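Colleague: build me a model:
(2 chains)
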Amino acid sequence: MELGKVLVACGWPYVNYVPHLGTLVQVLSADVVARYYRLKGEDVVMVSGSDEHGTPIEVEAVRLGISPKQLTDKNHAKVVELLKKWGFSFNNYTRTENPVHKEFVQNHLTKIYNNGYIFVQETEMPYCKKCGRFLPDRFVEGKCPYCSHEHARGDQCNACGRLLEPTFLIEPYCVICKSKPAIKRTKHWYFDLSKFSEKLRDYISSNKQLASNTRNFSLSFIKEGLKPRAVTRDVEWGIPAPFPEAENKTIYVWIEAVLGYVSATIEYFKNCGEPEKWKEYWFNKDAKTLFFIGKDNIPFHTIIFPALLLGSHESYSLPWNVSATEFLQFKGEAFSKSRRIGVFIDEALELFPADYWRYFLAATRPETKDTNFSWKLFIEKVNADLNDTLGNFIHRTLKFINSQFDSEVPEPSCLSEDDERVLKTLEERVETIANEIEDCRLQSAANDVISISRMGNQYLNEKEPWNVIKKDRDEAANTIYVAAQIVKTLALVSAPFIPFAAEELWRILNLPGNVHEQEWDEALKPLPPSHKIGEASPLFRKIEASSEKLVEKLEKVREKMSKVD
RNA sequence: AGCGGGGUGGGGUAGCCAGGAUUAACCCGCUGGGCUCAUAACCCAGAAAUCAGUAGUUCAAAUCUACUCCCCGCUACCA
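Modeller: Residues are numbered from 1 along each chain as shown, chains lettered A, B, ... in the order given. Prediction:
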């Protein structure tokens, strides 16, 4: 097979705080797919990074009395460390403050500007004389003109959900100093999305990979009519706008954040000493670019990002696939950073190993509808699937080889029809899992990994090698040879999902190298007879605590961590 | 308000886009049984849903159409 180029990315987590499990669904999805394609022998680049500009961070920094950069430096460093602990295999996890990104964004927007897609318009904005700044978005609050909610934000009212303009607010006040702002005229630069309606419609309707939810949503979005989108803001924290007479303006976060997919690729290859290689991913029609996001992010990836790429008049390929999930909810409501609702990725690892969470998130990935996180479900998945089915099958097989065959994979004499049938089914399952991952159906894929071990358990129960061995050692050898093969297959196909356990298993199997450096097809290559394996030891441990106990534990962890902070 | 998604055995999900292949699949739970190599794990059998409702299209509908009732999300800065 020809070596394909695959770029895998996930939405950039906003670093006003550490991400929660909902955000991680996207990161995990990207990681599973990236790891899979690497096993398939493709040239994979996996990128993402911290989205660190925007008013929520600036507001938070002003409140803490530090600079936005100080805040994001601290949070970014923490997130990078955590993502490593979760086993995510990024080639480049960068940030929007990195110089390559800033330069790329400015150059790219200049091209779009020169191509005539950006125009200037004057508007009115609240301006705080005391703070000496304009008050866009969340810098200003006031009474909602629709529902009279007292603390509506400049961009949207929390209570009735309506979108607002900062000037719509009744009795507005500056969120920093609480004083009443004046209204001042200001100029802003707008990206004229409507000029891309045709091309975007063609792109979306002809893209075969897009799931129907993503496609329908995007098409209806275009049908409603694309409006010009402001690309500048009157705030200091951000990338300076490169347009003539746009001093003191910065680029609107969403516009630049999506360009990060490109700049992160550029930065990666620059660091590798191959500064031109990024083009093989972005200017190559045969390259696959995959994006994993939450459903709220669809228009940015199927409309704004492609429009930005088209606007440069360069031969960028548009996203090959955008896989959007529904939401993971917590007790029926959305995870929330500000209200600390949910489980955050630092706390999660204090409670259980990364593989437990990774498996859980993949196996319950909200692919068709919102799903609810519950400790009960988490315990069920970990105990029943990972531990009892997968873990136990592996353990009973390896333990048997340890004790009955002196830790050597037995030599099969003549495989029976049953044995051949099991091996054939195994082959089919591996194929199925591959197809599912390629279709981004990770929930089924995770499930099918477990189902392989379920098949293994059934096979062992039917064959009863522990009885057979007393009369017919050859027959038992056949059975255990087949079971050992299943175990090896599991090590490989589970590797994208539970990389730590898979590597541990690879080590116990005493196979050369690292499981993550193998080829996917290695999954079905037989273990050589007489191959000596290591001492079996359980890969997972059952969660004995009740849901209530885990809620308590989480609270304790949260308390402890807030003190460290 | 508009747009999008969803309502499938006791719980959790898949199937729906491209209608039929078979008793509507899978996991948990439940009932009964088996096994004892294995982390009190494993395996088998069974009970249990006419797929929100109504009307239609069709030889055939969970799947397509229309309407109704619930739930949720989005509406351009929450994954």
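Colleague: how many neighbours does the residue in the stretch 251-400 of chain A positioned nearest to RNA strand B have?
Modeller: Nearest to RNA strand B, among the residues of the stretch 251-400 of chain A, is A:Gly294, at 1.9 Å (Cβ to the nearest atom of the strand). In short, each C-beta sits where N, CA and C put it, glycine included. Other residues within reach of A:Gly294, judged by other Cβ atoms under 10 Å, total 18.
Colleague: these two touch, right, it and A:Ser29?
Modeller: No: under the criterion of Cβ atoms under 8 Å, A:Gly294 makes no contact with A:Ser29, lying 10.5 Å away.
Colleague: who touches A:Pro410 in this structure?
Modeller: Neighbour list for A:Pro410: A:401, A:476-478, A:480-481, A:484, A:529 [criterion: Cβ atoms under 8 Å, 6 or more residues apart in numbering].
Colleague: filter those down to the buried ones, ChimeraX style.
Modeller: This is how ChimeraX selects the buried members of the contacts of A:Pro410, with burial counted by 16 or more other Cβ atoms under 10 Å:
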select /A:401,476,477,478,480,481,484
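Colleague: closest one of the contacts of A:Pro410 to A:Thr94?
Modeller: Among those, A:Ala484 lies closest to A:Thr94 (Cβ to Cβ), at 42.6 Å.
Colleague: pLDDT (mean, whole number) over the host helix or strand of that closest one?
Modeller: Using DSSP states H and E, A:Ala484 sits within helix A:473-494. Model confidence over helix A:473-494, given as mean pLDDT, is 97.
Colleague: identify the residues contacting the helix or strand immediately after that helix in the chain?
Modeller: Downstream of helix A:473-494, the next assigned helix or strand under DSSP H and E is helix A:499-508. With Cβ under 8 Å, 6+ apart as the test, helix A:499-508 has contacts from A:35, A:87, A:89, A:353-355, A:358, A:394, A:398, A:487, A:490-492, A:494-495, A:514-516, A:533-537, A:539-540.
Colleague: can you flag the buried ones in those residues?
Modeller: A:35, A:87, A:89, A:353-355, A:358, A:394, A:398, A:487, A:490-492, A:494-495, A:515-516, A:533, A:536, A:539-540.
Colleague: filter these by proximity to RNA strand B?
Modeller: A:394, A:539-540 (Cβ under 7 Å from any atom of the strand).
Colleague: the helix or strand of chain A with the lowest mean pLDDT near RNA strand B anywhere?
Modeller: Ranking every helix and strand in chain A by mean pLDDT, DSSP states H and E puts strand A:152-153 at the bottom, with a mean of 72. No: Strand A:152-153 stays clear of RNA strand B (Cβ under 7 Å from any atom of the strand), getting no nearer than 9.1 Å.
Colleague: which helices and strands does that strand pack with?
Modeller: Here strand A:152-153 touches strand A:140-143, going by 3 or more Cβ pairs under 8 Å, 6 or more residues apart in numbering; DSSP states H and E.
Colleague: alpha carbons only: can I get the strand it packs on in CSV?
Modeller: C-alpha atoms of strand A:140-143 as CSV (Å, rounded to 0.1, in the frame of the first residue of the first chain):
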residue,chain,number,x,y,z
VAL,A,140,-19.6,44.3,29.3
GLU,A,141,-22.8,43.2,31.1
GLY,A,142,-26.2,44.8,31.6
LYS,A,143,-29.9,44.3,31.5
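Colleague: what does stretch A:555-565 contact?
Modeller: A:340, A:346-347, A:350-351.
Colleague: buried ones among the residues you listed?
Modeller: Of the contacts of stretch A:555-565, these count as buried by 16+ other Cβ under 10 Å: A:346-347, A:351.
Colleague: tell me which of those fall in helices.
Modeller: A:346-347, A:351 (DSSP state H).
Colleague: for the nearest residue to A:Ile251 once chain neighbours are set aside, what are its contacts?
Modeller: Spatially, and ignoring its direct neighbours in sequence, A:Ile251 is nearest to A:Ile239 (4.6 Å; Cβ to Cβ, 6 or more residues apart in numbering). A:Ile239 sits next to A:53, A:96, A:101-102, A:105-106, A:250-251, A:256 when contact means Cβ under 8 Å, 6+ apart.
Colleague: can you lay out those residues as JSON lines showing neighbour count and secondary structure?
Modeller: Rendered in JSON lines, the data for those read as follows (neighbours: other Cβ atoms under 10 Å; DSSP: H, G, I helix; E, B strand; the rest coil):
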{"residue": "A:His53", "neighbour count": "27", "secondary structure": "coil"}
{"residue": "A:Thr96", "neighbour count": "27", "secondary structure": "coil"}
{"residue": "A:His101", "neighbour count": "23", "secondary structure": "helix"}
{"residue": "A:Lys102", "neighbour count": "17", "secondary structure": "helix"}
{"residue": "A:Val105", "neighbour count": "25", "secondary structure": "helix"}
{"residue": "A:Gln106", "neighbour count": "17", "secondary structure": "helix"}
{"residue": "A:Thr250", "neighbour count": "20", "secondary structure": "strand"}
{"residue": "A:Ile251", "neighbour count": "26", "secondary structure": "strand"}
{"residue": "A:Glu256", "neighbour count": "26", "secondary structure": "helix"}
